[in-house]
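*Asks:* could you look at this predicted model? Sequence included:
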Amino acid sequence: MSQKKFQIMLAQRTENIFEEWKLRGSLTERELYYFLHKLKGTSGTIGLQQLSLYCASQLEILTSSNDQKIPVSSLENLKNRIRSYFYESADGKKEKFQLPDRYVNRLDQETFILIIDDDLEFVSYLKELLEKLGAQVIISLNGKRGIEQFYSMRPSIVIVDHKLPDMSGFEVLDQIAETARQKNTTLAISSEQPTKELRIESYRRGAMDFITKPFDMDVFFPYLFNRQQWQKAISSSIITDSLTGVGNRRYFDEVINNWVKDSEQFKSTFSLVMIDLDHFKQVNDLYGHPAGDEALRKFGEIIKKEKREGDCVFRYGGEEFAFLLNDIQAEDTVHVVERVRKKFNSVEFTSGKKTFTVTFSAGSATFSGDMTELISAADQALYEAKRNGRNQTVIYDQCRVVVRRKLMVIIVDDDSFIRQILQQTLLELKSRDVDITVKTYSDGPTFLGDDWYTPDDYFIVLLDGVMPKIDGLEVLSRLKSDHSKTNVTVSMMTARKSANDIKAALWLGADDYIIKPFQPSEVLGRIDKLANRLFDKRE
């Protein structure tokens, strides 16, 4: 794992800041303090330990609250000293951290890490390392986006920087800590200031851990392994979803396996109903996450009351529920489900002065000897219910054809060669449950003006950062401004030198980024991960 590219990115960003200083002529002591403060944490993490130590020594003679002006001309020695540490690294000094082979793929796909930090070089370096460990990683460059990603992507570990451009890390904790506790999510605050006061406040506001910048990777990775083991131990010992009061996903896996064994041994019958609350993302966006939680809680209360003796209900994930009904065929489950629907649809929720109701879609299937096929059949019937207008139940046995999700991968790039290579690569994707198509556009206006969108399919947009007519970032901004398109995921494609483009894209809401030049296998891996995230969101 080479650190050189991130050191080069940091050196370039530092030179850009020096140029900004030169144009301004002066800066405050407070600004200089925070520049060195951030540089200290990032440089130490990506292998520039001597630069990190130098920044620390300068911080000792500065204050963070002094707005007295400092002439830029008086900072030449400081700038040259900082440059010298970058030059020393470029001369081939040995990097301190190398990812041990035993750490590769040590984490599994269930380890989903959200990093909320505006330091692009730091988070890019951390993302690349963590993905080599096998984890899924998503980046948010500001607090608002980080909170949105926390609620929509359901990460298992969240690392929040103490200082963010739009709010403090503590303010982020205030909005996610309670939900994180309910979901057994690990929350950590990171900071270059490991003061006693900051640690106390972090724990008081809901963080489980405090990580000092620069990150010591020899310590950080064992810490992650420890937290993953802890989460698995907690999950295995709990069978009830704390918010809704129904069984959790792990308990569902245990129960359905037992029902399958009983069915095989005693020739008994059972059915599975998959249920999804309709337009739930819009509920959260319009009325707030507390109102969304209340809807989930109420649904759990009603379905527990209306189910038959011996039936079992579970929160499958997010706003999706799994309902196991014993000794019944799929077509007969409709009577039970409709009792639940009648009660739930009549509930009027309130948020401030606003009132709203929530409906749900359901798909039912009967066990016929294969558990995987049962879950897939119920899921396909649920998908058909959503495509047919929602707020209804579809029986899988009545479907004339197998219902499959539709995933369209859209490539927007003015380079015809890139479009052709990507299209050929993506057509290799195979899935038994998903119909995958690929569509290409040579520029932003053609893409934005085309009638490509449908509300019940899924879309991954590979968007080039630099294009004629309309820049890729402008296309991204327009696409993300339509909050109803919750079934669209965007990955920016950008050259390695365009660090500012990556930062701007993540700020505007890009879900991922791909660095050019790339290998076809890398793109396939990215698409696979993005598709799994998109389907798991169940918008």
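*Replies:* Cool, the structure landed.

*Asks:* who touches the nearest residue to E171 once chain neighbours are set aside in this structure?
*Replies:* Using C-beta to C-beta, 6 or more residues apart in numbering and skipping the chain neighbours, the partner closest in space to E171 is G143 (6.4 Å). Backbone N, C-alpha and C define where each C-beta goes, glycine included. If you count contacts by C-beta atoms under 8 Å, 6 or more residues apart in numbering, G143 has them with I116, V160, L164, D166, M167, S168, G169, E171, V172.

*Asks:* run the last query once more with 7 Å
*Replies:* Counting by C-beta atoms under 7 Å, 6 or more residues apart in numbering, G143 touches I116, L164, D166, M167, E171, V172.

*Asks:* helix or strand next in line after the helix or strand containing the last one, which one?
*Replies:* This means V172. Using DSSP states H and E, V172 maps to helix 169-182. The helix or strand immediately downstream of helix 169-182 is strand 186-191, counting by DSSP H and E.

*Asks:* what strands flank that next one, and is each parallel or antiparallel?
*Replies:* In the sheet, strand 186-191 lines up against strand 157-161 (parallel), strand 209-212 (parallel) (DSSP bridges).

*Asks:* so where does P165 fall, helix or strand?
*Replies:* With DSSP H and E as the test, P165 turns up in no helix or strand.

*Asks:* and it, how many residues sit next to it?
*Replies:* 11 (other C-beta atoms under 10 Å).

*Asks:* count the residues that sit near N142.
*Replies:* Neighbour count for N142, taken as other C-beta under 10 Å: 17.

*Asks:* then S57?
*Replies:* 10.

*Asks:* before we move on, the earlier item: can you lay out the strands paired with strand 186-191 as TSV showing mean neighbour count?
*Replies:* Putting the strands paired with strand 186-191 into TSV (neighbours: other C-beta atoms under 10 Å) gives the following:
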stretch	mean neighbour count
strand 157-161	26
strand 209-212	17
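
*Asks:* out of these, which is closest to T240?
*Replies:* Across these, T240 has its closest neighbour in strand 157-161 (22.5 Å, C-beta to C-beta).

*Asks:* residues making contact with the closest one?
*Replies:* By C-beta under 7 Å, 6+ apart, strand 157-161 touches 111, 113-118, 146, 150, 169, 172-173, 180, 185-190, 211, 227.

*Asks:* give me the angle between that strand and helix 169-182.
*Replies:* 170 degrees (axes from the mean of the first three to the mean of the last three C-alpha atoms, to 10 degrees).

*Asks:* ranges for the helices of the stretch 101-250 of the chain?
*Replies:* All helices of the stretch 101-250 of the chain, identified by DSSP state H, counting those that start in this stretch, fall at 120-132, 143-153, 169-182, 196-204, 217-237, 249-266.

*Asks:* for those, give me a markdown table that also has distance to L429.
*Replies:* Conversion of the helices of the stretch 101-250 of the chain to a markdown table gives the following (distance: least, C-beta to C-beta, whole Å):
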| stretch | distance to L429 |
| --- | --- |
| helix 120-132 | 19 |
| helix 143-153 | 22 |
| helix 169-182 | 34 |
| helix 196-204 | 43 |
| helix 217-237 | 29 |
| helix 249-266 | 26 |
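
*Asks:* make JSON lines from the ones you listed and add distance to E428 and mean pLDDT to it.
*Replies:* Converted to JSON lines, these look like this (distance: least, C-beta to C-beta, whole Å; pLDDT from 0 to 100):
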{"stretch": "helix 120-132", "distance to E428": "21", "mean pLDDT": "87"}
{"stretch": "helix 143-153", "distance to E428": "27", "mean pLDDT": "89"}
{"stretch": "helix 169-182", "distance to E428": "38", "mean pLDDT": "93"}
{"stretch": "helix 196-204", "distance to E428": "46", "mean pLDDT": "95"}
{"stretch": "helix 217-237", "distance to E428": "32", "mean pLDDT": "86"}
{"stretch": "helix 249-266", "distance to E428": "31", "mean pLDDT": "91"}
